[in-house]
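**Q** Got a predicted model here, sequence first, then my questions.
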Amino acid sequence: MEAVAALLIVVGSLAVILVGLTWLARRVRRSGVGARLMGPIDEIYNPGAHRARHEIQVQDERMEARASADDRLRRD
């Protein structure tokens, strides 16, 4: 009987840990903290992913100026 109780405690603890990690992963994905935390690790172990993430960030920050009607008149 004690072995069954110990097994239930171990399985229950594992289930609680997995549910907690799943919750944490969803929260990190929504908040965007994962990219900042994984940046240095990606830079060391997966440089291609780090370069791609950096390029995407640069493209997001870059704002393209929209041409207005006045710009066409100034060029002519």
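**A** Sure thing, it's come through. Numbering: from 1, shown residues only.

**Q** Please count neighbours and contacts with C-alpha atoms only from this point.
**A** Fine.

**Q** Tell me how many other residues surround residue 9.
**A** Residue 9 has 12 neighbouring residues, counting by other CA atoms under 10 Å.

**Q** and it, what does it touch?
**A** Residue 9 makes no contacts at all, as judged by CA atoms under 8 Å, 6 or more residues apart in numbering.

**Q** what's the spacing between it and residue 15?
**A** In this view, residue 9 and residue 15 are 10 Å apart by CA to CA, to the nearest Å.

**Q** just for the chain, where's the confidence low?
**A** 32, 34-35, 63-76 (pLDDT under 70).

**Q** same thing but 50
**A** 65 (pLDDT under 50).

**Q** just the strands in it please.
**A** Here the chain has no strands by DSSP state E.

**Q** for it, which helix is longest?
**A** Longest helix in the chain, counting residues (DSSP state H): helix 2-31.

**Q** Run the chain-centre distance for it.
**A** Chain-centre distance of helix 2-31: 22 Å, with CA atoms, centre = their mean, to the nearest Å.

**Q** Please point out which parts of that helix sit buried.
**A** By neighbour count with 16 or more other CA atoms under 10 Å, helix 2-31 contains no buried residues.

**Q** let's have the chain start at 440 instead
**A** Right, with 440 as the first residue, what we last looked at is helix 441-470.

**Q** Residues touching stretch 484-491, excluding its own?
**A** Applying CA under 8 Å, 6+ apart, the external contacts of stretch 484-491 come out as 478, 481-482.

**Q** list the buried ones in that stretch?
**A** Buried positions in stretch 484-491, judged by neighbour count with 16+ other CA under 10 Å: residue 489.

**Q** Would you mind putting the CA coordinates of it into PDB?
**A** This file holds the C-alpha atoms of stretch 484-491, laid out as PDB (Å, rounded to 0.1, in the frame of the first residue of the first chain):
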ATOM      1  CA  TYR A 484      24.600  27.100 -30.300                       C
ATOM      2  CA  ASN A 485      22.500  28.100 -33.300                       C
ATOM      3  CA  PRO A 486      24.000  31.200 -35.000                       C
ATOM      4  CA  GLY A 487      21.700  30.900 -38.000                       C
ATOM      5  CA  ALA A 488      18.600  31.200 -35.900                       C
ATOM      6  CA  HIS A 489      20.200  34.200 -34.000                       C
ATOM      7  CA  ARG A 490      21.000  36.000 -37.300                       C
ATOM      8  CA  ALA A 491      17.500  35.300 -38.600                       C
END
